[in-house]
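Participant: Let's see this in three dimensions:
(4 chains)
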There are 4 protein chains.
Amino acid sequence: MKITILIHCPDQSGIIRSVTTFIHQQDGNVVYLDQHVDKQAGVFFMRIQSEFDSEIEIESFKCQFETELATKFNMEWDIHTDEYKPKMALFVSKYNHCLYDLLSRYNSGELRVDIPFILSNHKDLEYVAEQFNIPFFHVPVTKETKSYAEEEQLNLLKEHRVDFIVLARYMQIVSQRLIDVYPQKIINIHHSFLPAFVGAKPYHAAFERGVKIIGATSHYVTADLDAGPIIEQDVTTVSHTHSVQDFIAKGRDLERFVLSRAVQLHVARKTMVYNNKTVIFS
Amino acid sequence: MKITILIHCPDQSGIIRSVTTFIHQQDGNVVYLDQHVDKQAGVFFMRIQSEFDSEIEIESFKCQFETELATKFNMEWDIHTDEYKPKMALFVSKYNHCLYDLLSRYNSGELRVDIPFILSNHKDLEYVAEQFNIPFFHVPVTKETKSYAEEEQLNLLKEHRVDFIVLARYMQIVSQRLIDVYPQKIINIHHSFLPAFVGAKPYHAAFERGVKIIGATSHYVTADLDAGPIIEQDVTTVSHTHSVQDFIAKGRDLERFVLSRAVQLHVARKTMVYNNKTVIFS
Amino acid sequence: MKITILIHCPDQSGIIRSVTTFIHQQDGNVVYLDQHVDKQAGVFFMRIQSEFDSEIEIESFKCQFETELATKFNMEWDIHTDEYKPKMALFVSKYNHCLYDLLSRYNSGELRVDIPFILSNHKDLEYVAEQFNIPFFHVPVTKETKSYAEEEQLNLLKEHRVDFIVLARYMQIVSQRLIDVYPQKIINIHHSFLPAFVGAKPYHAAFERGVKIIGATSHYVTADLDAGPIIEQDVTTVSHTHSVQDFIAKGRDLERFVLSRAVQLHVARKTMVYNNKTVIFS
Amino acid sequence: MKITILIHCPDQSGIIRSVTTFIHQQDGNVVYLDQHVDKQAGVFFMRIQSEFDSEIEIESFKCQFETELATKFNMEWDIHTDEYKPKMALFVSKYNHCLYDLLSRYNSGELRVDIPFILSNHKDLEYVAEQFNIPFFHVPVTKETKSYAEEEQLNLLKEHRVDFIVLARYMQIVSQRLIDVYPQKIINIHHSFLPAFVGAKPYHAAFERGVKIIGATSHYVTADLDAGPIIEQDVTTVSHTHSVQDFIAKGRDLERFVLSRAVQLHVARKTMVYNNKTVIFS
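Facilitator: Model prediction:
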């Protein structure tokens, strides 16, 4: 059994020593350790993985970790076992490229999650859900039905015990209620190299500005539009020979990859958020 | 003798045919042709290179081109021979990395220009000018002396018949008078991936935002700060492990390359400007 | 109606002028022209696109082109109209990532081809063909059945009038007979940065060598293993932290993109082959 | 005072705990720890940095480390303080681009080394040494004088107590005697994406093969030509429009950067070698 511990706490002496000693006392063997100190903020971050021969009682492990370490060092922590597959809900609108990319990775076992459902404000992609035998819920969003739609979304997420949400080119702004229930657990893909070209039609804006490189950015959703902690970014070159339509086509490939990588990092518990920025462990 | 012709004009039928026929009539042989149509703007761009066995009278060539072609198609054009080495003035402040990069390329013959002088508002880099035996002019810029400094700059540029100016991390905003005298002939390097992080301290801003990629942008200087036509951009990855100082160090390498490439493109007559955007020929 | 002409011939004076004049005489309007001269080989390459208002008789157009131009300049040429969708056969084995990538692009209209069938030496991916409603043919290949399998492949290709073949991680060496019938019309993806790591298990070899960058290469299949003209390559960074399995996972993303881009270039008639190298037009 | 410890040893339980406890007992504070396990080889690697308030006696520290830890875990180790600037000798031939790049970084304080001398088999770059006020030794290498030249090189290196050697496009194969005296301490830049295009004229070979990407590789020199442990690699795209001369020009920029980065990694004690591969710490 493999356990991954994510920690952040005020930087101080003795943290690594104490945590590795604790794991040793529980008969665990450290197989990976990566740490980072944000000197400006005075915060220590660590991701540590340990293997345990015998089955350990995870709840009691967590309890002891809290009592013996977390209190002393004032830690925020998360402990995950590799036995649990997180449940990922997919929100989409009309574009299928990110959806296909994630589903084919899911289908081939590359992406280790369960997908309880795909939700959309349009019916256009129902056929893709059918191709992959995944339940599809159509939750239209209009000015009038917005509040009702949020309610329905929350009910579905609760009912299916969803752990995190991926907005795979979901063209709606998600509600504050949703963000509150899923803090740092909603992953969005924005089709620009943030912070350039926030908001709608970034490819058109990039084309107008005459940039030579376009990008895509995956981030955790926060209350501020396109301003959440960045998980992953990538770029590709463009030139005067490319039309806006070419920008969009080239961008689709970026969006596919950047979103997939961000989801993989999240699922592998390699991301931590602090001060609206991410620490991404290797 | 090789002649490079740069043209832009309203898009219309028969331009390529007419120009190639004209060159044929002058006993020239087309060795390179690249064209581009901006469909949105309805503008045709072309860069065409021809070789001529016998020496041709360039002024009479230009005259005929104007009479027989330019008028008919309403062309804006530039004609260059490969015999002329453009004169490049370098403006610097205190950072030496872009300066060293350009001078070492100049020194090894990689960059085919003459450098009549290096100008700076500080004396810090005078020693580099001396290393490379290039005249150095110290023109301090303060609020009080600004207008006088501009005058001095313009005099030096005129006296040395400078063709274009490279701001190799010159930390001053150049005057409108200078821009008017050198339209699309002042090349700047901005240490961010424009249009993100316009203005001062872009690496600090990028660090604060928690981006995963930083960039540098070379552009022609216009009246609007950091908003001129982009010639070249490049990026490099960063992570939470990098401090602002690391951003700056990694950025220096981008700045070196991006500025050098932009200067090379300008010198090779591969750039055209239209609608605050560039066409960069291959 | 848009017509794309691809030409290569001995470099000589007057080609561009003659071709543009010919198109003008046929009442066509040149909308794109890109040319290249291989000076070492003395060969001229051109891709030229023209628009025609009225419907033109394509066979008569080709005939005139041959008589009036091709003979004179000793041209090899290809003429395509944008009305024809090429027929692409997909050969696969057991890996589904390239297949999914191509099919999702096909499905969303991004890839303008017809796919008459998917062929495999295994049944593993039949379910993917079913997901996308594409006929699937299982043609096992063993030492004994090899010759019969080739026959069956050729029959299927002929029957469905296939224009070109994509080997989307088809783990067999295709026969010389197939190559002869489809010269420069079989596109393969090799999972290394050719010419490094030719042959089997390139990711293992790259891992052993301790490289810091891995790649993928798409090329036209020739008689020499992994030595055909390269259409497209891309790379990604790796480090000591990556296992062979990580190399393979990172490589899958490269393979997806590199193969898709190569197929798109081929479909857009942007590739020409000469001296076992490609000219890729912009 | 900051101390960097580099360790590799057979993988076993308790290493991190023991080392961090040891540092704690010496009144040190761990400020950075990165570790890696090569599972295939069963080897543990670690780089750990600690700060000490009071001045510590480094020789006694090393002695205790050996006695209390290294023996027990069978460690190979290196301990460095940040107070020592390593001495770097530069070997060059006729190309100046890598030399200029390294010297300008040295000059601006970016590269924290001492450079006791530049050595060359030609006199061509003596002027660059003079520009930067660095002693220059001309040691010609011919078939007849080879053994004598090696002797002279070794004498100079010994006399100036050189710690490591950088071959900045030194076009000679260095002798086995030199490699024996400087194991994993001679850094070379090879102008190809190794293992593709080993040996002479890699750009010509890349051009012949028609690759779409070229690269450069920096590695520690071993007895096998261009086969030593790779420290850093980078690539850039090329196309049919580029001549061999263009490959060489684009490659120069790669060589500059790749060599500089490798030297920086070496100087920062971020490299470890094992099984002819490198571990490069972040």
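Participant: okay, CA-based contacts and neighbour counts for the rest of this
Facilitator: Noted.
Participant: if I read this right, residue A:91 contacts residue A:120, doesn't it?
Facilitator: Yes: checked against Cα atoms under 8 Å, the pair residue A:91 and residue A:120 is within contact range at 5.6 Å.
Participant: who are the neighbours in contact with residue A:205?
Facilitator: residue A:197 (Cα atoms under 8 Å, 6 or more residues apart in numbering or on different chains).
Participant: For chain A, which residues are neighbours of chain C?
Facilitator: A:96-97, A:100-101, A:104-105, A:108, A:131-132, A:241, A:253, A:257, A:282 (Cα under 8 Å from any Cα of the partner chain).
Participant: what is in contact with residue A:91 and residue A:120 at once?
Facilitator: If you check residue A:91 and residue A:120 against Cα under 8 Å, 6+ apart, the residues they both contact are residue A:170.
Participant: picking that back up, secondary structure added to the residues of chain A next to chain C, as CSV?
Facilitator: Below are the residues of chain A next to chain C laid out as CSV (DSSP: H, G, I helix; E, B strand; the rest coil):
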residue, secondary structure
A:96, coil
A:97, helix
A:100, helix
A:101, helix
A:104, helix
A:105, helix
A:108, coil
A:131, helix
A:132, coil
A:241, coil
A:253, helix
A:257, helix
A:282, coil
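Participant: Derive a PyMOL selection command for the buried subset of the residues you listed.
Facilitator: In PyMOL, this line selects whichever of the residues of chain A next to chain C come out buried by 16 or more other Cα atoms under 10 Å in any protein chain shown:
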select buried, chain A and resi 96+97+100+101+104+105+253+257
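Participant: Go through the residues of chain A next to chain C and name the one nearest residue C:41.
Facilitator: Of all these, residue C:41 sits closest to residue A:241, with 27.9 Å by Cα to Cα.
Participant: Of the residues of chain A next to chain C, which is the nearest to residue C:35?
Facilitator: residue A:241 (14.9 Å).
Participant: Return the per-residue confidence for the closest one.
Facilitator: Confidence at residue A:241, expressed as pLDDT, is 94.
Participant: Pull the contacting residues for it.
Facilitator: Taking Cα under 8 Å, 6+ apart as the test, what residue A:241 contacts is B:36, C:282.
Participant: I'd like the distance between it and chain D.
Facilitator: 16 Å (Cα to the nearest Cα, to the nearest Å).
Participant: ok, now residue A:139?
Facilitator: Residue A:139 is 46 Å from chain D, by Cα to the nearest Cα.
Participant: What count of nearby residues applies to residue A:276?
Facilitator: 15 (other Cα atoms under 10 Å in any protein chain shown).
Participant: My guess is it contacts residue A:228. True?
Facilitator: Yes: between residue A:276 and residue A:228 a contact is recorded at 6.3 Å, counting by Cα under 8 Å.
Participant: Thought residue A:231 was touching residue A:262, still the case?
Facilitator: Yes: counting by Cα under 8 Å, residue A:262 does reach residue A:231; the two are 5.9 Å apart.
Participant: Next, count neighbours for the residue in chain A that chain B sits nearest to.
Facilitator: Chain B sits closest to residue A:196 of chain A, with a gap of 4.6 Å, by Cα to the nearest Cα. The tally of other residues near residue A:196 (other Cα under 10 Å) stands at 17.
Participant: I'd like the domain boundaries of chain A, if you could list them.
Facilitator: Listed by automatic domain parsing, the domain ranges of chain A are A:2-81, A:88-280.
Participant: What segments of the stretch 1-150 of chain A are helices?
Facilitator: A:15-25, A:58-65, A:71-73, A:97-107, A:126-131, A:146-159 (DSSP state H, counting those that start in this stretch).
Participant: any idea how far residue C:235 is from residue A:280?
Facilitator: 22 Å (Cα to Cα, to the nearest Å).
Participant: now residue A:282
Facilitator: 19 Å.
Participant: go on, residue A:185?
Facilitator: Distance from residue A:185 to residue C:235, by Cα to Cα: 31 Å.
Participant: Check the contact between residue A:79 and residue A:63; I expect there is one.
Facilitator: No: here residue A:79 does not reach residue A:63: they are 10.7 Å apart, not a contact under Cα under 8 Å.
Participant: Neighbour count: those two, which is higher?
Facilitator: residue A:79 (18 against 12).
Participant: which residues sit in contact with the nearest residue to the more buried one once chain neighbours are set aside?
Facilitator: In space, and not counting its chain neighbours, residue A:79 is closest to residue A:5: 4.6 Å by Cα to Cα, 6 or more residues apart in numbering or on different chains. Contacts for residue A:5 (Cα under 8 Å, 6+ apart) come out as A:46, A:47, A:48, A:49, A:77, A:78, A:79, A:80.
Participant: ok, now which ones touch the first one?
Facilitator: Counting by Cα under 8 Å, 6+ apart, residue A:46 makes contact with A:5, A:6, A:7, A:8, A:33, A:34, A:35, A:36.
Participant: same thing but at 6 Å, please
Facilitator: Neighbouring residues of residue A:46 by Cα atoms under 6 Å, 6 or more residues apart in numbering or on different chains: A:6, A:7, A:34, A:35.
Participant: ditto for the fifth one
Facilitator: Counting by Cα under 6 Å, 6+ apart, residue A:77 makes contact with A:6, A:7.
Participant: Report the closest residue of chain A relative to chain C.
Facilitator: For chain A, Cα to the nearest Cα, closest residue to chain C: residue A:131, 5.3 Å.
Participant: can I get the domains of chain A in CSV with distance to residue B:209?
Facilitator: Below are the domains of chain A laid out as CSV (distance: least, Cα to Cα, whole Å):
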stretch, distance to residue B:209
domain A:2-81, 14
domain A:88-280, 7
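Participant: now, of these, which is deepest in the fold?
Facilitator: domain A:88-280 (a mean of 19; mean count of other Cα atoms under 10 Å in any protein chain shown).
Participant: Kindly check the end-to-end length of that domain for me.
Facilitator: Terminal-residue distance, domain A:88-280 (Cα to Cα): 20 Å.
Participant: Report the distance from it to the chain centre.
Facilitator: Its chain's C-alpha centre and that of domain A:88-280 lie 9 Å apart, by Cα atoms, centre = their mean, to the nearest Å.
Participant: and if you look at stretch A:15-23?
Facilitator: Stretch A:15-23 sits 28 Å away from the centroid of its parent chain (Cα atoms, centre = their mean).
Participant: now stretch A:84-96
Facilitator: Going by Cα atoms, centre = their mean, where stretch A:84-96 is centred and where its chain is centred differ by 11 Å.
Participant: At which residues are the strands of the stretch 101-250 of chain A located?
Facilitator: In the stretch 101-250 of chain A, the strands defined using DSSP state E, counting those that start in this stretch lie at A:118-120, A:136-138, A:164-167, A:186-190, A:213-220, A:230-237.
Participant: so what strands line up beside the fifth one?
Facilitator: Translated: strand A:213-220. Its sheet considered, strand A:213-220 pairs with strand A:186-190 (antiparallel), strand A:230-237 (antiparallel) by DSSP bridges.
Participant: who wins for proximity to residue C:191 among those?
Facilitator: strand A:230-237 (21.2 Å).
Participant: Pull the CA coordinates from that closest one and hand them back as CSV.
Facilitator: Only the C-alpha atoms of strand A:230-237 are listed here, as CSV (Å, rounded to 0.1, in the frame of the first residue of the first chain):
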residue,chain,number,x,y,z
ILE,A,230,-2.3,28.2,-12.8
ILE,A,231,-1.6,24.5,-13.0
GLU,A,232,-0.2,24.2,-16.4
GLN,A,233,0.5,26.3,-19.5
ASP,A,234,1.8,25.6,-23.0
VAL,A,235,2.3,27.6,-26.1
THR,A,236,2.7,27.2,-29.9
THR,A,237,4.1,29.5,-32.5
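Participant: near chain D, which residues of the stretch 1-150 of chain A?
Facilitator: For the stretch 1-150 of chain A, the residues in contact with chain D (Cα under 6 Å from any Cα of the partner chain) are A:17, A:20, A:34.
Participant: Distance to residue C:142 and pLDDT added to these, as JSON lines?
Facilitator: Formatted as JSON lines, these follow (distance: Cα to Cα, whole Å; pLDDT from 0 to 100):
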{"residue": "A:17", "distance to residue C:142": "58", "pLDDT": "93"}
{"residue": "A:20", "distance to residue C:142": "54", "pLDDT": "94"}
{"residue": "A:34", "distance to residue C:142": "49", "pLDDT": "94"}
